[in-house]
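Q: I need the structure of the sequence given here:
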Amino acid sequence: QVQLQESGPGLVKPSQTLSLSCTVSGGSITTNYYYWSWIRQPPGKGLEWMGAVTYTGSAYYSPSLKSRTSISRDTSKNQFTLQLSSVTPEDTAVYYCARVYVGYLEVWGQGTLVTVSS
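A: Numbering: from 1, shown residues only. Got it, this is the predicted structure:
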């Protein structure tokens, strides 16, 4: 059974870059047709899709975050990572990684809270 686990700092200072990793176990991130996505949920708000990396390594981003977001993968570690630059307190959120199949976010990590504060 595939499991996803987010990891990274829980506190980031404004203007810095937020970096999170998602480690996948029980399945390979190179398996055909799966996409690997990042989603976030600010306090009291809804879910926001940030972007994804595909099984071939191509990346796609939300237009609203594209200028600040980078998603990459490390196949040797079976991980994919999120980098969000120039963060502000508005980027405070619970960040989730998830596996996507045929457009469905079918397996989720437990989420990790990242607070942007000086």
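Q: Check what contacts the helix or strand of the chain with the lowest mean pLDDT and list those residues.
A: Among the helical and strand segments of the chain, the one scoring lowest on mean pLDDT, DSSP states H and E is strand 104-108, with a mean of 93. Residues from elsewhere that reach strand 104-108, judged by C-beta atoms under 8 Å, 6 or more residues apart in numbering: 2-4, 37, 39, 96-100. Just so you know, the C-beta spots here come from the backbone N, C-alpha and C atoms, and that holds for glycine as well.
Q: Summarise which helices and strands the helix or strand just after that strand is packed against.
A: On the C-terminal side of strand 104-108, the closest following helix or strand by DSSP states H and E is strand 112-116. Other helices and strands packing on strand 112-116, by 3 or more C-beta pairs under 8 Å, 6 or more residues apart in numbering; DSSP states H and E, are strand 11-12, strand 18-25, strand 93-101.
Q: how big is the angle separating the second one from strand 93-101?
A: It refers to strand 18-25. If you take axes from the mean of the first three to the mean of the last three C-alpha atoms, to 10 degrees, strand 18-25 sits at 40 degrees to strand 93-101.
Q: Just the buried residues of the strand or helix carrying Leu82, please?
A: Following DSSP H and E, one finds Leu82 within strand 79-84. Of all the residues in strand 79-84, those buried under the rule 16 or more other C-beta atoms under 10 Å are 79-82, 84.
Q: Redo those residues as TSV? Include pLDDT and distance to Val24.
A: Putting the buried residues of strand 79-84 into TSV (pLDDT from 0 to 100; distance: C-beta to C-beta, whole Å) gives the following:
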residue	pLDDT	distance to Val24
Gln79	98	7
Phe80	98	8
Thr81	98	12
Leu82	98	14
Leu84	98	20
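Q: Can you tell me the centre-most residue of the chain?
A: Geometric centre of the chain, nearest residue: Trp38, 2.8 Å, by C-alpha atoms, centre = their mean.
Q: what's across from that residue in the sheet?
A: Applying DSSP bridges to Trp38 yields these beta-bridge partners: Gly51, Cys97.
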